[in-house]
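J.: Need coordinates for the below:
(one chain, ligands or ions: 1)
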Amino acid sequence: MDFRAEFIVLLCLIGFTCAVPVKYADCGSSSGKVVMVDINPCPRQPCQLRKGQSYSVNVTFSSAVESQTSAAVVHGVVAGIPVPFPIPVEDGCKSGIQCPIQKQQSYHYLNSLPVKSEYPSIKLVVEWELRDDQKQDLFCIKFPVQIVS
Ligand SMILES: *[C@@H]1O[C@H](CO)[C@@H](O)[C@H](O)[C@H]1NC(C)=O
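T.: Numbers count the residues shown, from 1 in each chain. Okay, the predicted model is just below:
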């Protein structure tokens, strides 16, 4: 961790609302490249998602293609099995991205991840894809979370 990252973590620990880059794995961003993933609030990783709360997600990526549309597909992977994870807005063009998407342009994809109170208290991996016109992934990221009550 460099000094800047340590400083951000320190601010978080003393109670500032802040967005720390989340450790993620790329699961096949074929028509784009992920630069950074922010989840807020997530002071400690893996992110602890409290039931009944909503978390903001900010994925910074650049596109390698032109696309008129973008559609988000979110899964929770539980014991290796992907289960659809509903999000309020599936249209990426209504989630901070100005469409049509341009080639070599950088975007911030902004959305929220609502954690329903009926979810079980488990650890899982969230797999978040944003698909272009050709159903290719502008980004595909995976990050571990823990649902807590
Ligand atoms: C999303 O993240 C980028 C990169 O850190 C930042 O510049 C931008 O302000 C963030 N947007 C929001 C709404 O938090």
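
J.: Show me which residues of this protein sit near the ligand.
T.: Contact residues (C-beta under 6 Å from any ligand atom) of the chain with the ligand: 36, 38, 58, 60, 108, 110. For every residue, glycine as well, the C-beta is placed using N, CA and C.

J.: part of a strand, is the second one?
T.: Yes: note on residue 38: a strand contains this position according to DSSP: H, G, I helix; E, B strand; the rest coil.

J.: any idea how far residue 78 is from residue 48?
T.: Distance, residue 48 to residue 78, by C-beta to C-beta, to the nearest Å: 17 Å.

J.: now residue 147
T.: According to C-beta to C-beta, residue 147 stands 10 Å off from residue 78.

J.: Hmm, residue 111 is touching residue 72, no?
T.: Yes: when contacts are counted by C-beta atoms under 8 Å, residue 111 is listed as touching residue 72 (6.8 Å).

J.: Please enumerate the shared neighbours of the two.
T.: 87, 89, 95 (C-beta atoms under 8 Å, 6 or more residues apart in numbering).

J.: Highest neighbour count among the residues you listed?
T.: Among the shared contacts of residue 111 and residue 72, the one with the most neighbours (other C-beta atoms under 10 Å) is residue 95, at 21 neighbours.

J.: is the residue nearest the centre of the chain in a bridge, and if so with what?
T.: By C-alpha atoms, centre = their mean, the chain has its centre lying nearest to residue 57, at 4.8 Å. When assigned by DSSP bridges, residue 57 has beta-bridge partners residue 39, residue 111.
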